[in-house]
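Engineer: below is the structure, and that's it, no one-letter string:
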DNA sequence: TTGTTATATTGCAATATTACGATTAATAAT
DNA sequence: ATTATTAATCGTAATATTGCAATATAACAA
């Protein structure tokens, strides 16, 4: 299939999965880490920073932008990308609610 | 392609991506949430809890097990699954290091 | 205008993922 | 022994993802 049956899951479960999926590729992790490191928003820098072709980087950026985790603003021929602080904070809250639970001590395995 | 170029990324970036990928499907999120909720480890319960076919659940369980996030132990005809506390804690640390950074205030976008 | 630079889009090939029916393996129950 | 129960595996169809060459677009430069 290749198609996830999203309708049978809760909104929260789908939301977690969507964010996680965005982080599920090292290129997107690298892009985000670079945006965190360089306060000044960058763009073409990412292409030289990460050894992937320009269309590939552009594609990953698009995904992150569609999710809302990053923003881009045109500056002449360049496009300046940066983290969207509000969305990132919202995402953190959701991911923490999933990751930070009291871990039950297994009584079988 | 469909094949990620893992070699051009750091070990940490690949590690983050691997864990995130595991959470990138609502069924696996649901499985983990259920294991957190039900202290007592379950298995066939997951099949009735989540409306996916048994082989599909089994496949998702295998992925989580391969990553080490869950463990399974045979109990007669049943298999009892549970969270692997050590691995879960290690994963938390890694994901937090990625998610919980000081968010730079954008000066362009 | 013509060329240059920076990014996005398109189209496509290779591979991965999701889902499930059919089957298998292993134990339990009769 | 035979049958039922449970879970894993195999095989396969449908779809998604990754990566890039080629091309398009858009703004600036000469």
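Structural biologist: Nice, thanks for sending it over. On a predicted model such as this, the values are computed, not experimentally measured, just so you know.

Engineer: so where does residue A:56 fall, helix or strand?
Structural biologist: Here residue A:56, judged by DSSP states H and E, is contained in helix A:54-67.

Engineer: just the buried positions in that helix, please.
Structural biologist: Residues of helix A:54-67 classed as buried: A:57, A:60, A:61, A:63, A:64, A:67 (neighbour count, 16 or more other C-beta atoms under 10 Å in any protein chain shown). Glycine gets a C-beta too; all of them are placed from N, C-alpha and C.

Engineer: name the nearest of those residues relative to residue A:22.
Structural biologist: Distances from residue A:22 to the buried residues of helix A:54-67, taken as C-beta to C-beta, are shortest for residue A:67 (5.3 Å).

Engineer: surely that closest one and residue A:23 touch.
Structural biologist: No. Using C-beta atoms under 8 Å as the test, residue A:67 is too far from residue A:23 to be in contact (10.1 Å).

Engineer: residues near the residue in chain A that DNA strand C sits nearest to, how many?
Structural biologist: Among all residues of chain A, residue A:44 sits closest to DNA strand C, at 2.3 Å; criterion: C-beta to the nearest atom of the strand. By other C-beta atoms under 10 Å in any protein chain shown, the residues close to residue A:44 number 13.

Engineer: give me every residue that touches it.
Structural biologist: Listed by C-beta atoms under 8 Å, 6 or more residues apart in numbering or on different chains, the contact partners of residue A:44 are residue A:78.

Engineer: confidence score at the residue nearest to residue A:39 when sequence neighbours are not counted?
Structural biologist: Closest residue in space to residue A:39, ignoring its immediate chain neighbours: residue B:104 at 4.4 Å, by C-beta to C-beta, 6 or more residues apart in numbering or on different chains. According to the prediction, residue B:104 has pLDDT 91.
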